[in-house]
Structure formats: structure tokens, C-alpha cells
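Asker: Coordinates for the following, if possible.
(one chain, ligands or ions: 2)
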Amino acid sequence: MRVDLVPIGEVSPAVKREASAVLRSVYDAEVSMAPDQDLPSRAYDSGRDQYHAEEFIETAADVAPGEKAIALTPVDLYYRRRNYVFGLAYLDGRSCVVSTNRLGTSTDGGFSKRTAEEVFTDRLRKEVIHEAGHMLGLDHCDNNRCAMSFSPTVKEVDRKEETLCGSCQRELF
Ligand SMILES: [Zn+2]
Ligand SMILES: [Zn+2]
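Answerer: Ligands and ions are numbered 1, 2, ... in the order given. Next up is the predicted model:
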């Protein structure tokens, strides 16, 4: 599979690098980096001080010529009744989005033995696997160690592993 990563807003080189690496290792994807995009002002809700997630999915699809596209953004996203989302994908869609906004350690206690940077990177990798999995047709998984398990807060993200479980893998490959 060919995947274009589409940075929207100011995405750090480390985030771009980690997202590419995990797509290569888990999905054996051929990854290219699209040029940085401006934040979609129409997606901004000033009352919430958040951006609506769906516009990021559209931007990624518009910008990227490839088979699949993943938007990466540092801003806080919301979707429907959810107060915030780490990302959003449509099942079998052509594009999805991952936000790094709430993946830092400031949002919870974190794991004491690991650096804030390690915890953040770990969560980022899991969320990229998760949204890419939806885009490839995977639904939520009941195995709470699997990257496809539903993770509304960082607590569930931290419990997951940076891989797909056996049954999710069998569905894909
Ligand atoms: Zn999900
Ligand atoms: Zn699974």
C-alpha cells in the first residue's frame, strides 16, 4: 500500500518520522510526505477552541494523490458528541487524521519509568496504527492489548501494544 502523510499545521520532524516508521513496520507501507498544509480555518470552532476532525480528512484526500492518506496535526480535534478525539477515520476510507494534541503526558500521570518523549512517541505510533487500520477496513477489536481496541483516553492507549493482534492481522494480510 502507498500512504501519503499530510502534515496540517506545525508538525515536528520527529512526529513525521515516527508516523512514517510505524506505517512501514506494521503495514509494510510505502510512505511519502506531502508538503505542509495550513490549518483549515473553516474547521475551527472558536467557542470550543477546537477543530472539527472531518475537514482534516477531506484536506488529506484533496492534497494526496496516493491510494491512502493520513493527516497529522498538532491541534485539538472534536467529532460529533465526543469532547475530543485522538483521530478519526472512516471504515475503508481513503484518508484519516491523527492529532498529537492530547498524546502528551500532561493529560495523565504517565508511566514514571519512561520519559515524556517516549510516552508521547509510543502513543503516537499506536494511534497511527489504529486510524490506518480503520482506513484499511478494520473495526474496533475486543482485545485490549491490540492497537485496534477502542481508546477514548490515554489510559486505554497506554494499555495497548504497538501491534495488531493475530486476528486483526489475519483480516488484513
Ligand atoms: Zn477507532
Ligand atoms: Zn485486534
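
Asker: and the most centrally placed residue in the chain, what helix or strand is that in?
Answerer: The residue lying closest to the centre of the chain (C-alpha atoms, centre = their mean) is residue 98, at 2.9 Å. Element membership of residue 98 [criterion: DSSP states H and E] is strand 95-99.

Asker: wait, the residue nearest to the centre of the chain sits on residue 71?
Answerer: Yes. Using C-beta atoms under 8 Å, residue 98 makes contact with residue 71 at a distance of 7.2 Å. No exception for glycine: its C-beta is placed from N, CA and C like everyone else's.

Asker: OK, contacts around the residue nearest to the centre of the chain?
Answerer: Counting by C-beta atoms under 8 Å, 6 or more residues apart in numbering, residue 98 touches 19, 70-73, 86-87, 124, 127-128, 131.

Asker: Using a markdown table, lay out these together with secondary structure.
Answerer: Conversion of those to a markdown table gives the following (DSSP: H, G, I helix; E, B strand; the rest coil):
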| residue | secondary structure |
| --- | --- |
| 19 | helix |
| 70 | strand |
| 71 | strand |
| 72 | strand |
| 73 | strand |
| 86 | coil |
| 87 | strand |
| 124 | helix |
| 127 | helix |
| 128 | helix |
| 131 | helix |
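
Asker: returning to what we had before: which of the residues in the strand holding residue 98 are buried?
Answerer: Residues of strand 95-99 classed as buried: 95-99 (neighbour count, 16 or more other C-beta atoms under 10 Å).

Asker: Nothing else from me, thank you.
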